[in-house]
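Trainee: only the shape, not the letters, is given here:
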């Protein structure tokens, strides 16, 4: 199972995909609800954008025995329409 976490200052967006990569959950969470949401999940891969607090959240998720992943720097800015796309 994969979970995407869009990071922000106070409201986070969570997208959970099943094994067939279909969306199962789309939910907005406040800052205090994020860890509670992930505690209820079985082990999964959590991908998040490279935001200022991404390393903090990756450590928190890894402490829950989840895999927190950030995009590698080689792929950053490669999305079509991204302001820094080459």
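Mentor: Looks like it came in fine. Quick caveat, the model's predicted, so the values are computed rather than measured. Residues are numbered from 1 along each chain as shown.
Trainee: and the strands in the protein, which stretches?
Mentor: Using DSSP state E, the strands of the chain run over residues 2-6, 11-17, 23-30, 45-48, 67-69.
Trainee: out of the ones you listed, which gets the lowest mean score?
Mentor: Comparing mean pLDDT across the strands of the chain, the lowest value falls on strand 67-69: a mean of 65.
Trainee: if we can go back for a sec, make TSV out of the strands of the chain and add distance to residue 57.
Mentor: In short, each C-beta sits where N, CA and C put it, glycine included. Conversion of the strands of the chain to TSV gives the following (distance: least, C-beta to C-beta, whole Å):
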stretch	distance to residue 57
strand 2-6	7
strand 11-17	9
strand 23-30	12
strand 45-48	6
strand 67-69	7
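Trainee: tally of neighbours for residue 1?
Mentor: 13 (other C-beta atoms under 10 Å).
Trainee: what about it, distance to residue 41?
Mentor: 7 Å (C-beta to C-beta, to the nearest Å).
Trainee: which residues are in contact with both of those two?
Mentor: Counting by C-beta atoms under 8 Å, 6 or more residues apart in numbering, the contacts common to residue 1 and residue 41 are residue 16.
Trainee: all set now, cheers.
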